[in-house]
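J.: mind looking at a prediction? Sequence and model below.
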Amino acid sequence: MDLNTSLQLSFAGMSAQSTRLRVVAENLANADSTAQTPGGSPYRRQVVTFQSIFDKSLGATSVKIGHILPGGGQFNRSYDPGNPGADAQGYVLKPNVNPLMELMDMHEAQQSYQANLDAIDAAKTMISRTISLLNA
């Protein structure tokens, strides 16, 4: 694999993880939101899926975002009769977002992003050393 291909693959990985970080941040921002209408549904956790694609121009398998899908799981119920989204019994549905799970996803996405950034730095160093050798 040449250096240009490795750079392109790392850029694709960074882009995918950047999208994942954005979705995790959105999930965390909405972790405590509730519906604005009585008995309405609250925010539903979003999950990013990745897709492997064969890039013919690079001759290698790359990654891209497949879909951003609603996450499964039940909504939590809490008693809050003063909330505008409360049902007739005074219960409010809370999002199915688990902040601990989101923080773990965020950490994993950051680590993957950093690994791709390190690969780009290594390729950049190799290119720089190659140019230095050619000029010597």
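T.: Looks like it came in fine. Numbering: from 1, shown residues only.
J.: residues touching the residue nearest in space to the middle of the chain, list them.
T.: Residue closest to the average C-alpha location in the chain (CA atoms, centre = their mean): Arg20, at 1.0 Å. By CB atoms under 8 Å, 6 or more residues apart in numbering, the residues touching Arg20 are Val48, Asp105, Ala109. C-betas here are computed from N, CA, C, even on glycine.
J.: just to be sure, which of those are found in helices?
T.: The helices, defined by DSSP state H, take in Asp105, Ala109 from the contacts of Arg20.
J.: closest one of the contacts of Arg20 to Ser128?
T.: Ser128 lies nearest to Ala109 out of the contacts of Arg20, by CB to CB, at 28.7 Å.
J.: what helices or strands is whichever strand or helix holds Leu117 leaning on?
T.: Per DSSP states H and E: Leu117 is located in helix 99-135. Secondary-structure packing of helix 99-135 (3 or more CB pairs under 8 Å, 6 or more residues apart in numbering; DSSP states H and E): helix 3-29.
J.: list the buried residues in the helix it packs on.
T.: Neighbour counts over helix 3-29 (16 or more other CB atoms under 10 Å) mark 5-10, 12-17, 19-21, 23-24, 27 as buried.
J.: residue ranges with poor pLDDT in the protein?
T.: Scanning the chain for pLDDT under 70 picks out 1.
J.: give me the contact list for stretch 38-49.
T.: Looking at what lies outside stretch 38-49 - CB under 8 Å, 6+ apart - the contacts are 16, 19-20, 23, 26-27, 30, 33-35, 65-71, 73, 75, 84-88, 92-97.
J.: show the buried residues in those.
T.: Neighbour counting by 16+ other CB under 10 Å classes 16, 19-20, 23, 27, 30, 34-35, 65, 71, 75, 85-86, 92-97 among the contacts of stretch 38-49 as buried.
J.: contacting residues around the nearest residue to Leu117 once chain neighbours are set aside?
T.: Of all residues not flanking Leu117 in the chain, Met14 sits nearest, at 6.6 Å (CB to CB, 6 or more residues apart in numbering). Taking CB under 8 Å, 6+ apart, we find Met14 in contact with Tyr113, Asn116, Leu117, Ile120.
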